[in-house]
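>>> I'd like to go over a predicted model; first the sequence, then the structure.
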Amino acid sequence: MSEENISRLEIDGKEIILIGTAHVSKNSAEQVKAVIEAENPDSVCVELDEQRYKSITEGNKWKETDIFKVIKEKKSTLLLMNLAISSFQKRMASQFGINPGQEMIQGIESAKEVNADLVLADRNIQTTFSRIWRGIGLKGKAMLLTQVIAGIFTKETISEDDLEKMKTQDMIDSMLQEFTESFPKLKKPLIDERDQYLAQKIKEAPGDKIVAVLGAAHVPGIKEQIKQDHDIKELSKLPPKSKIPKMIGWSIPIFILALIVYTFMTNSAAGIEQIISWILWNGTLSALGTLVAFGHPLAVLTAFIAAPITSLEPFLAAGWFAGFVQAYFRRPNVRDFENLSEDVHSFKGFWNNKVTRVLLVVIFANIGSSIGTFIGGADVIRVFLEHL
């Protein structure tokens with residue numbers, strides 16, 4: 001058996017065998033099968049978390065998704081990102097006849113065949129995305145959302161050079177590679193922290209002989225990190241929210257309200273002008289965002305009514321209300337969820353699928369409301385200064 005892509009380590013009296021797989025290579029699955037059968041390990045570690053494991057073993061059980069719960073728990077953006085990854089994988093599969101993650105599936109099956117303990121060694125994908133999301137700022141979030149949505153609809157094929165690069169990358173890394181180049185700090189939550197997490201989980205796996213099935217890009221980092229001890233709980237924590245956004249979130253509405261009240265007391269006509277401006281800018285742009293997302297007319301109206309109010313209350317968002325109304329009047333059915341992985345691959349599918357429509361209504365209504373807050377706020381200040 002070829003030892004290519006295989007690393008053997010002795011750590012704390014345990015024999016650890018790392019298989020550096022290519023996520024889009026047909027040969028990797030065969031090598032995983034051969035190594036596990038030959039080594040008969042006590043444990044097999046795979047580069048999956050609970051969510052991705054269930055997705056592989058149970059299929060994407062979209063029909064069980066509660067869209068109202070997704071909106072309420074503020075997971076619309078996360079679900080949209082997962083759909084984008086699904087679309088990316090679908091495009092590779094159709095172009096190259098490759099099923100990404102086949103080597104992980106093989107690792108799971110082979111572990112059962114040799115009666116080895118299966119260890120899901122990767123960090124929760126939601127934790128990784130959360131740590132990325134909170135580290136890129138407002139501009140970065142806008143760029144990431146733009147790239148995600150553009151990636152869903154792109155018809156661009158993947159070149160052979162790109163495919164070769166992907167053979168040494170994690171699927172998530174491949175999706176965010178260009179973005180990581182623009183934001184070098186993302187390497188820490190995306191690669192470095194996961195190397196530490198993976199290394200610790202592999203080291204803690206039960207038994208004296210452990211086989212780990214990993215993306216080749218993680219092997220060098222894991223070989224270094226496995227020599228040290230890492231705190232799994234610390235690496236699993238969501239980063240603390242910055243106090244600055246909360247301070248800004250409260251200071252802007254307080255400031256705007258104070259200006260309107262003061263102006264109204266000194267010049268009622270000017271105060272009314274400020275109120276109308278605030279309502280029109282917030283409501284119109286949030287409604288426009290809902291229209292861009294092809295929202296239901298009542299969702300558009302809801303965004304218009306809600307935005308001027310929610311912009312003054314940091315704990316509320318116009319997109320939530322618009323999204324709830326959209327989901328109520330255009331409630332996704334079982335078929336919408338079952339067709340998600342296919343529908344996100346085309347503009348037509350996105351247009352017709354009620355799930356993606358709800359997600360886009362939430363996101364774009366919020367974006368419109370945010371823009372309206374700044375423009376409307378600036379106009380309130382303008383009227384105030386004009387009538388000093």
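Yes, it's here.
>>> tell me the SS of Pro332?
When the structure is split into helix, strand and coil by DSSP: H, G, I helix; E, B strand; the rest coil, Pro332 lands in coil.
>>> just give the nearest non-adjacent residue to it, would you?
Computed as C-beta to C-beta, 6 or more residues apart in numbering, the closest residue to Pro332 that is not its neighbour in sequence is Lys354, at 4.1 Å. All C-beta spots, glycine's among them, are computed from the backbone N, C-alpha and C.
>>> how many other residues sit next to that neighbour?
Lys354: 18 surrounding residues under other C-beta atoms under 10 Å.
>>> okay, it and Pro308: tell me how far apart.
In this structure, Lys354 and Pro308 are 28 Å apart, going by C-beta to C-beta, to the nearest Å.
>>> same deal with Leu285?
11 Å.
>>> the more surrounded of those two?
Remark: of Leu285 and Pro308, Leu285 carries more neighbours, 25 against 22, as counted by other C-beta under 10 Å.
>>> which stretches in the stretch 251-388 of the chain count as helices?
Along the stretch 251-388 of the chain, the segments classed as helices by DSSP state H, counting those that start in this stretch run 268-292, 297-310, 318-329, 334-338, 340-343, 347-352, 354-386.
>>> low-scoring pLDDT stretches of the stretch 251-388 of the chain, where are they?
Residues of the stretch 251-388 of the chain meeting the criterion pLDDT under 70: 334, 338, 340-342, 344-347, 350-351.
>>> spatially nearest residue to Gly349 (excluding sequence neighbours)?
When the adjacent residues along the chain are set aside, Gly349 lies closest to Asp343, with 3.1 Å between them (C-beta to C-beta, 6+ apart).
>>> mind putting the helices of the stretch 251-388 of the chain into a markdown table with distance to Phe255?
Below are these laid out as a markdown table (distance: least, C-beta to C-beta, whole Å):
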| stretch | distance to Phe255 |
| --- | --- |
| helix 268-292 | 12 |
| helix 297-310 | 16 |
| helix 318-329 | 20 |
| helix 334-338 | 43 |
| helix 340-343 | 42 |
| helix 347-352 | 39 |
| helix 354-386 | 8 |
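>>> looking at these, which is closest to Asp49?
Shortest distance between Asp49 and those, using C-beta to C-beta, is found for helix 340-343: 18.9 Å.
>>> what's the neighbour count on Asp195?
Neighbour count for Asp195, taken as other C-beta under 10 Å: 21.
>>> show the backbone phi and psi for it.
Taking degrees, to the nearest 10, you get phi -60, psi -40 for the backbone angles of Asp195.
>>> separation between it and Ile222?
Noted for Asp195: a distance of 5 Å to Ile222, by C-beta to C-beta.
>>> would you mind giving the domain segments of the chain?
Under the assignment named as automatic domain parsing, the residue ranges that make up the domains of the chain are 6-236, 243-386.
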